[in-house]
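>>> Give me the fold of what follows.
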Amino acid sequence: YISLKFYQFFPVFIQNVIFWLIFWVSIGYFLVWGFKFSLNWIIFWSIFLLISMLLVFFSYTFIWLLAFYTEDIEAFRFIYWKLDMIFWGNILPLVFLPLAMQKIAYLSPFAYFGYTSWFVFTNFELQTFIKFVSVQGFWLLITIFSCILIYQNASKKLSINWW
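Here you go, the predicted model:
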(Lines give C-alpha, C1' and ligand atoms only; values in the text may rest on other atoms or scores of the structure.)
Protein backbone atom coordinates (compact mmCIF):
# COMPACT_ATOMS: atom_id res chain seq x y z
CA TYR A 1 0.00 0.00 0.00
CA ILE A 2 2.72 2.46 0.97
CA SER A 3 4.76 1.77 -2.17
CA LEU A 4 1.62 2.13 -4.33
CA LYS A 5 0.90 5.51 -2.77
CA PHE A 6 4.52 6.54 -3.26
CA TYR A 7 4.36 5.76 -6.97
CA GLN A 8 1.18 7.83 -7.20
CA PHE A 9 2.68 10.71 -5.20
CA PHE A 10 6.16 10.93 -6.73
CA PRO A 11 5.23 12.03 -10.32
CA VAL A 12 2.91 14.74 -9.01
CA PHE A 13 5.65 16.01 -6.71
CA ILE A 14 8.22 16.09 -9.51
CA GLN A 15 5.75 17.87 -11.79
CA ASN A 16 5.12 20.53 -9.14
CA VAL A 17 8.82 20.99 -8.45
CA ILE A 18 9.61 21.44 -12.13
CA PHE A 19 6.77 23.93 -12.61
CA TRP A 20 7.61 26.01 -9.54
CA LEU A 21 11.33 25.81 -10.21
CA ILE A 22 10.88 27.25 -13.70
CA PHE A 23 8.50 29.89 -12.37
CA TRP A 24 10.60 31.05 -9.42
CA VAL A 25 13.95 30.91 -11.23
CA SER A 26 12.58 33.06 -14.03
CA ILE A 27 10.98 35.51 -11.59
CA GLY A 28 14.09 35.51 -9.40
CA TYR A 29 16.37 36.06 -12.36
CA PHE A 30 14.48 39.17 -13.43
CA LEU A 31 14.12 40.55 -9.92
CA VAL A 32 17.57 39.74 -8.55
CA TRP A 33 19.42 39.41 -11.88
CA GLY A 34 20.57 35.88 -11.30
CA PHE A 35 21.50 33.34 -8.68
CA LYS A 36 24.86 32.01 -7.60
CA PHE A 37 24.94 28.53 -9.15
CA SER A 38 27.56 25.93 -8.32
CA LEU A 39 27.79 22.17 -8.47
CA ASN A 40 27.80 21.91 -4.65
CA TRP A 41 24.73 24.13 -4.45
CA ILE A 42 22.83 21.97 -6.95
CA ILE A 43 23.83 18.70 -5.21
CA PHE A 44 23.00 19.92 -1.70
CA TRP A 45 19.70 21.48 -2.76
CA SER A 46 18.71 18.31 -4.63
CA ILE A 47 19.42 16.23 -1.50
CA PHE A 48 17.41 18.67 0.59
CA LEU A 49 14.54 18.58 -1.89
CA LEU A 50 14.51 14.77 -2.00
CA ILE A 51 14.36 14.53 1.79
CA SER A 52 11.64 17.18 1.76
CA MET A 53 9.63 15.12 -0.73
CA LEU A 54 9.96 12.02 1.41
CA LEU A 55 8.95 13.96 4.51
CA VAL A 56 5.83 15.28 2.80
CA PHE A 57 4.96 11.82 1.50
CA PHE A 58 5.33 10.06 4.84
CA SER A 59 3.43 12.82 6.63
CA TYR A 60 0.51 12.35 4.24
CA THR A 61 0.87 8.58 4.54
CA PHE A 62 0.52 8.88 8.31
CA ILE A 63 -2.84 10.61 7.80
CA TRP A 64 -3.89 8.05 5.17
CA LEU A 65 -3.04 5.15 7.47
CA LEU A 66 -5.30 6.55 10.16
CA ALA A 67 -8.15 5.33 7.95
CA PHE A 68 -7.44 1.84 9.28
CA TYR A 69 -8.50 3.04 12.73
CA THR A 70 -11.23 5.59 12.09
CA GLU A 71 -14.25 5.70 9.86
CA ASP A 72 -13.45 9.14 8.46
CA ILE A 73 -10.06 10.87 8.36
CA GLU A 74 -11.41 14.18 7.08
CA ALA A 75 -11.00 15.84 10.50
CA PHE A 76 -7.34 14.77 10.65
CA ARG A 77 -6.78 15.99 7.10
CA PHE A 78 -8.41 19.33 7.92
CA ILE A 79 -6.24 19.90 11.02
CA TYR A 80 -3.13 18.80 9.12
CA TRP A 81 -4.01 21.08 6.20
CA LYS A 82 -4.48 24.14 8.46
CA LEU A 83 -1.22 23.52 10.32
CA ASP A 84 0.45 22.99 6.97
CA MET A 85 -0.87 26.30 5.65
CA ILE A 86 0.38 28.27 8.65
CA PHE A 87 3.70 26.59 9.40
CA TRP A 88 4.79 25.78 5.83
CA GLY A 89 4.74 29.47 5.00
CA ASN A 90 1.86 29.27 2.54
CA ILE A 91 -0.06 32.21 4.00
CA LEU A 92 2.90 34.30 5.11
CA PRO A 93 6.62 33.65 4.94
CA LEU A 94 7.75 32.34 8.31
CA VAL A 95 9.89 35.42 8.96
CA PHE A 96 6.70 37.51 9.08
CA LEU A 97 5.17 35.39 11.85
CA PRO A 98 5.61 36.41 15.50
CA LEU A 99 8.80 35.05 17.04
CA ALA A 100 6.97 32.47 19.19
CA MET A 101 5.17 31.10 16.12
CA GLN A 102 8.45 31.03 14.17
CA LYS A 103 10.00 28.86 16.88
CA ILE A 104 7.02 26.50 16.76
CA ALA A 105 7.18 26.40 12.96
CA TYR A 106 10.88 25.55 12.91
CA LEU A 107 10.36 22.83 15.52
CA SER A 108 7.48 21.30 13.56
CA PRO A 109 7.99 19.28 10.38
CA PHE A 110 5.85 21.67 8.32
CA ALA A 111 8.58 24.28 7.77
CA TYR A 112 10.80 21.58 6.29
CA PHE A 113 8.28 20.55 3.63
CA GLY A 114 8.93 23.42 1.30
CA TYR A 115 9.77 26.71 2.98
CA THR A 116 13.28 25.80 4.05
CA SER A 117 13.92 24.13 0.68
CA TRP A 118 13.28 27.38 -1.13
CA PHE A 119 15.21 29.28 1.54
CA VAL A 120 18.24 27.06 0.90
CA PHE A 121 17.63 27.41 -2.85
CA THR A 122 17.77 31.20 -2.79
CA ASN A 123 20.37 31.69 -0.06
CA PHE A 124 22.67 28.66 0.18
CA GLU A 125 24.96 28.51 3.19
CA LEU A 126 26.48 25.23 4.32
CA GLN A 127 25.77 25.85 8.03
CA THR A 128 22.11 26.61 7.37
CA PHE A 129 21.86 23.57 5.11
CA ILE A 130 23.34 21.26 7.78
CA LYS A 131 21.03 22.70 10.44
CA PHE A 132 17.90 22.35 8.30
CA VAL A 133 18.76 18.92 6.87
CA SER A 134 19.45 17.49 10.33
CA VAL A 135 16.05 18.60 11.64
CA GLN A 136 14.47 17.43 8.40
CA GLY A 137 16.16 14.03 8.77
CA PHE A 138 14.93 13.77 12.36
CA TRP A 139 11.33 14.37 11.28
CA LEU A 140 11.72 12.00 8.36
CA LEU A 141 12.82 9.20 10.69
CA ILE A 142 9.91 9.95 13.06
CA THR A 143 7.34 9.85 10.26
CA ILE A 144 8.78 6.71 8.64
CA PHE A 145 8.87 4.91 11.98
CA SER A 146 5.31 6.03 12.77
CA CYS A 147 4.01 4.86 9.39
CA ILE A 148 5.70 1.48 9.74
CA LEU A 149 4.26 0.97 13.22
CA ILE A 150 0.76 1.99 12.20
CA TYR A 151 0.83 -0.14 9.05
CA GLN A 152 2.14 -3.24 10.86
CA ASN A 153 -0.43 -2.89 13.62
CA ALA A 154 -3.29 -2.16 11.21
CA SER A 155 -2.41 -5.01 8.84
CA LYS A 156 -2.71 -7.50 11.70
CA LYS A 157 -6.28 -6.37 12.40
CA LEU A 158 -7.34 -6.02 8.78
CA SER A 159 -9.68 -8.62 7.39
CA ILE A 160 -10.74 -8.67 3.78
CA ASN A 161 -13.60 -11.02 2.92
CA TRP A 162 -13.23 -12.67 6.34
CA TRP A 163 -9.65 -13.88 5.72
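
>>> Spit out the contact partners of the residue nearest the centre of the chain.
Nearest to the mean C-alpha position of the chain, counting by C-alpha atoms, centre = their mean, stands Phe113 at 2.7 Å. In this structure, Phe113 makes contact with 52, 55-56, 59, 84, 88, judged by C-beta atoms under 8 Å, 6 or more residues apart in numbering. Bear in mind the C-beta positions are built from the backbone N, C-alpha and C, glycine included.

>>> again with Val95
By C-beta under 8 Å, 6+ apart, the residues touching Val95 are Gln102.

>>> residue ranges of the helices in the protein, please?
If DSSP state H is used as the criterion, the helices of the chain fall at 2-32, 39-65, 74-87, 99-107, 115-122, 126-157.

>>> Looking at the ones you listed, spot the one closest to Pro93.
Across the helices of the chain, the minimum distance to Pro93, taken as C-beta to C-beta, is reached by helix 115-122, at 7.4 Å.

>>> what stretches of the chain score poorly on pLDDT?
Within the chain, the ranges that satisfy pLDDT under 70 run 28-29, 31-38, 89, 161-163.

>>> cutoff 90 now
1-57, 59-61, 63-77, 79-136, 151-163 (pLDDT under 90).

>>> ok, so what distance separates Met85 from Glu71?
25 Å (C-beta to C-beta, to the nearest Å).

>>> ok, these two, which is more surrounded?
A count of neighbours by other C-beta atoms under 10 Å puts Met85 above the other of Met85 and Glu71, at 13 against 6.

>>> Provide a list of residues in contact with that one.
Contacts of Met85 by C-beta under 8 Å, 6+ apart are Ile91.

>>> please begin residue numbering at 39 from this point
Noted, 39 is the first residue going forward, which turns the last one into Met123.

>>> Now Pro131: closest residue in space that isn't a chain neighbour?
Of all residues not flanking Pro131 in the chain, Tyr153 sits nearest, at 7.4 Å (C-beta to C-beta, 6 or more residues apart in numbering).
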